[in-house]
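Peer 1: Quick check, what structure comes out for this input:
(one chain, ligands or ions: 1)
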Amino acid sequence: MTDTILRAGVVGWPVEHSKSPVLHGYWLKRYNIAGTYQAIPLPQDKFETGIRKLAKQGYRGVNITIPHKETMLAMADSVTDRAAMIGAANTVFFHSDGSIGVDNTDGYGFIRNLYQNAPVWDPKAGPALVLGAGGASRAVIAALLEAGAPTIRLANRTRLRAEMLAEHFGARVEVVDWNRASDAMDGAMTIVNTTSLGMQGQPDLHVHFAAAPKAALVTDIVYTPLVTPFLAKAAEQGLETVDGLGMLLHQAVPGFEIWFGTTPEVDEGLRKAVLA
Ligand code: ATR
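Peer 2: Below is the predicted model:
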């Protein structure tokens, strides 16, 4: 039984909103690959059996989205260091021996986006300020630490969550009070919003950039709208900004590369396709 069509997809609940099918579909077409990439809805109680079924059906692998990222990590046979550090999996590989490997490429996507769109940005240049302490924040912190940020100032509305992350990541992460987030921009060379504030339908993130160094880079993981009020305010102050869409695009690269055997490019055409 030989299946010449390479198959992958994204598993979530709900999953209809996922941009991944458009993204991978664009690359499959562009590189003329005989493959498919589908949205696969699986509720929590059917998740584990559903995943094992996909492996048996010959899928090369899948992306995992809300709410399954932690469950997927727990059921894997092998886990990359970065996925273990983040505590969640977003990319799955079904190996030919029947084992399941997982990775987390969110932090990788975050960093690649900044390197691509802010070529002079240097994570080592000074402390970073990270706003938010949810799942996305874990990936951003892990990636910034790995990229060499000397320290990370972490502010979250619920301080306890920030303290738990600081404990997890160690001494280079220090908690600052949510109400002092604007002051904590003093000396911060990388400033990141990982909260859901500023997303369409959500309240704005109320900070000001007066204390930020002139050479600071400001980025947001929210990409609907593309220019969040947070990014607009930073740009008004003359600071360099990078929007969050590139993180989504870049996090998809490692999975595509292994499932379909081609290293895909993140370019303007892909951005346009995903925004359309
Ligand atoms: P994700 O996995 O996308 O990071 P999450 O785990 O739900 O999602 O985290 C959402 C983040 O946005 C958290 O940092 C949350 O702060 P709390 O830990 O205090 O909940 C932050 N957030 C959401 N709504 C917020 C609001 N109205 N004000 C301040 N922070 C908010």
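Peer 1: Could you use CA atoms for every contact and neighbour count after this?
Peer 2: OK.
Peer 1: can you pull out the strands in the stretch 151-276 of the chain?
Peer 2: Remark: strands of the stretch 151-276 of the chain, listed N- to C-terminal, are 152-156, 173-177, 190-193, 217-220, 240-242; assignment by DSSP state E, counting those that start in this stretch.
Peer 1: Turn those strands into CSV, including mean neighbour count, distance to residue 16 and mean pLDDT.
Peer 2: Output for these, formatted as CSV (neighbours: other CA atoms under 10 Å; distance: least, CA to CA, whole Å; pLDDT from 0 to 100):
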stretch, mean neighbour count, distance to residue 16, mean pLDDT
strand 152-156, 25, 30, 98
strand 173-177, 20, 36, 98
strand 190-193, 25, 25, 98
strand 217-220, 26, 23, 98
strand 240-242, 21, 27, 98
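Peer 1: I'd like to know which of the ones you listed lies nearest to the ligand.
Peer 2: strand 152-156 (5.5 Å; CA to the nearest ligand atom).
Peer 1: ok, the closest one: who's next to it in the sheet?
Peer 2: strand 128-131 (parallel), strand 173-177 (parallel) (DSSP bridges).
Peer 1: I'd like to know which of the ones you listed lies nearest to residue 120.
Peer 2: With CA to CA as the criterion, residue 120 lies closest to strand 128-131 of those, at 15.7 Å.
Peer 1: Residues touching that closest one, excluding its own?
Peer 2: Outside strand 128-131, the residues that touch it by CA atoms under 8 Å, 6 or more residues apart in numbering are 137, 141, 144, 149-156, 181, 184-185, 188-195.
Peer 1: Is the ligand within reach of that strand?
Peer 2: No: Strand 128-131 lies out of reach of the ligand by CA under 6 Å from any ligand atom, never closer than 7.0 Å.
Peer 1: Residue numbering should commence at 13 henceforth.
Peer 2: Fine by me, first position is 13 from now on; the one you just mentioned is strand 140-143.
Peer 1: Could you give the average pLDDT over that strand?
Peer 2: The average pLDDT for strand 140-143 rounds to 98.
Peer 1: Just the C-alpha atoms of it, please, in PDB.
Peer 2: Taking Å, rounded to 0.1, in the frame of the first residue of the first chain, the C-alpha atoms of strand 140-143 are listed here in PDB:
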ATOM      1  CA  ALA A 140      13.700  42.500  27.200                       C
ATOM      2  CA  LEU A 141      10.300  43.400  28.600                       C
ATOM      3  CA  VAL A 142       7.600  40.800  28.100                       C
ATOM      4  CA  LEU A 143       4.000  41.700  28.800                       C
END
